[in-house]
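Asks: Could you work out the structure for the sequence below:
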Amino acid sequence: MRSEPVGAEFRPQLADARAELTAESGPDCVPRFTRQQEIVLQALHDMGVFASAQELLRFLSGQGLRVSLSTVYRTIGTLERLRLVDVVRDDRGERWYRPRSGEGHRHYLMCRECGHGVPIPAESFEEWLAVIERQHGFAEVRHTFDLVGLCGSCSGTRTSAS
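Replies: Numbering: from 1, shown residues only. Next up is the predicted model:
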């Protein structure tokens, strides 16, 4: 049994993210702090894998928390702006979420069945992208780079890291 309300442990993380965004964009551009943000971050943390908004809603409902799908989407959107969740798209374009661990931009290899995600090193990709950006005179280039497949458990095969 928790001694604090669900999600309360994420208050410092939310406050830090809000302060960072305020410093970058000004106070008028920063979303307000809500209880839903704490609850959704806690649920994503407890799930331990990438999860779609629908899966997150089912998880929250299973915990006895009443929240609408629109609230889940709105809250996840805010957490994205605050850079507190990592997002990948599966091969159908659906977005999957999990709490961000650490700072910096990340890429993942994600299982489309169970949501298991593994961070992958992509330094050479990022370096190549910076070269392309400079060569063509672009700035602030954003990109998505998601690798989606079946993990060893879901595909019925076991792979070993060599």
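Asks: Could you report the distance from residue 70 to residue 122?
Replies: Distance, residue 70 to residue 122, by CB to CB, to the nearest Å: 33 Å. The way it works is simple: take the backbone N, C-alpha and C, and place the C-beta from them, glycine included.
Asks: So between these two, which is more surrounded?
Replies: residue 122 (16 against 9; other CB atoms under 10 Å).
Asks: Chain neighbours aside, what residue packs nearest to that one?
Replies: Of all residues not flanking residue 122 in the chain, residue 107 sits nearest, at 4.4 Å (CB to CB, 6 or more residues apart in numbering).
Asks: Enumerate every residue touching that neighbour.
Replies: Contact analysis of residue 107 by CB atoms under 8 Å, 6 or more residues apart in numbering lists 119, 120, 122, 125, 145, 146, 147.
Asks: and the two most separated of these?
Replies: Comparing every pair within the contacts of residue 107 by CB to CB identifies 119 and 125 as the most remote, at 13.3 Å.
Asks: returning to that earlier point: is the residue nearest to residue 122 in a bridge, and if so with what?
Replies: Going by DSSP bridges, residue 107 is paired in beta bridges with residue 120.
Asks: For residue 148, see how far away it is.
Replies: 12 Å.
Asks: do the same with residue 138
Replies: 27 Å.
Asks: neighbour-wise, which of those two wins?
Replies: Legend: neighbour count by other CB under 10 Å for residue 138 and residue 148, higher for residue 148 (18 against 10).
Asks: contacting residues for that one?
Replies: Applying CB under 8 Å, 6+ apart, we find residue 148 in contact with 88, 89, 90, 91, 109, 110, 111, 112.
Asks: so where's the chain uncertain?
Replies: Along the chain, segments meeting pLDDT under 70 span 1-15, 17-19, 21-31, 102-104, 157-162.
Asks: Now residue 51: phi and psi?
Replies: Backbone geometry at residue 51, expressed as degrees, to the nearest 10, gives phi -140, psi 140.
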